[in-house]
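A.B. asks: The amino acid sequence is not available; the structure is as follows:
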């Protein structure tokens, strides 16, 4: 008998476009639900088109509680999850199709200091004792690398 393989896995790296929306389900066993949108850069973009995709994500339970406590607009994260599609009829009677990533894992993709800068909106005006970076989370390496331990 052949075993059926089921796969629905998405891995995304991006920044939150806004603070997460947090809600709680009704009832005695209330569950936290967090919704947010990630801006994910496209590897290639045609001229005149957006260079990012905006992907809706939803987290439940402990993941949603983590989202509520730590995630803010501008923070860069990596998530893994699964794509979930659905549909509903809006107030005008039109059928609307949805696609959300249900978050299974999420973690920070930058240092706390970089995330704090982006989350507070002060990325350009914040002074730090840290070495100057390239803007992508890495620090500049000088041309003269003779003293580096891996040479």
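C.D. replies: In hand now; what should we look at? On a predicted model such as this, the values are computed, not experimentally measured, just so you know.
A.B. asks: The nearest residue to residue 52 once chain neighbours are set aside: how many residues sit nearby?
C.D. replies: In this structure, residue 52 finds its nearest non-sequential neighbour in residue 39, 4.7 Å apart by CB to CB, 6 or more residues apart in numbering. Heads up, the C-betas are built off the backbone N, CA and C, glycines and all. Here the count is done by other CB atoms under 10 Å, and residue 39 has 16 residues near it.
A.B. asks: all helices of this protein, in order?
C.D. replies: For the chain, the helices defined by DSSP state H occupy 61-70, 112-120.
A.B. asks: quick one: which of those helices has the weakest pLDDT on average?
C.D. replies: Note on the helices of the chain: helix 112-120 shows the lowest mean pLDDT, a mean of 67.
A.B. asks: what's around residue 81, how many residues?
C.D. replies: 22.
A.B. asks: For residue 91, what are phi and psi?
C.D. replies: Dihedral angles of residue 91 (phi, psi; degrees, to the nearest 10) stand at phi -60, psi -30.
A.B. asks: Please report how far it lies from residue 49.
C.D. replies: Here residue 91 is placed at a distance of 31 Å from residue 49 (CB to CB, to the nearest Å).
A.B. asks: more crowded one of the two?
C.D. replies: Set residue 91 next to residue 49 and count neighbours by other CB under 10 Å: residue 49 wins out with 8 against 5.
A.B. asks: Contacts only, for that one.
C.D. replies: Residues near residue 49 by CB atoms under 8 Å, 6 or more residues apart in numbering: none.
A.B. asks: for this structure, which spans come out with low pLDDT?
C.D. replies: In the predicted model, the chain carries pLDDT under 70 at residues 114-151.
A.B. asks: let's see 90
C.D. replies: Low-confidence segments of the chain (pLDDT under 90): 1-6, 27-29, 42-51, 110-151.
A.B. asks: shouldn't the residue nearest to residue 52 be in contact with residue 13?
C.D. replies: No: contact between residue 39 and residue 13 fails when scored by CB atoms under 8 Å: they sit 10.3 Å apart.
A.B. asks: right, and residue 79 touches residue 106 too?
C.D. replies: Yes: taking CB under 8 Å as the definition, residue 79 is a contact partner of residue 106 at 4.5 Å.
A.B. asks: quick one, which of these two is more surrounded?
C.D. replies: residue 79 (24 against 21).
A.B. asks: For residue 46, see how far away that one is.
C.D. replies: Distance from residue 79 to residue 46, by CB to CB: 26 Å.
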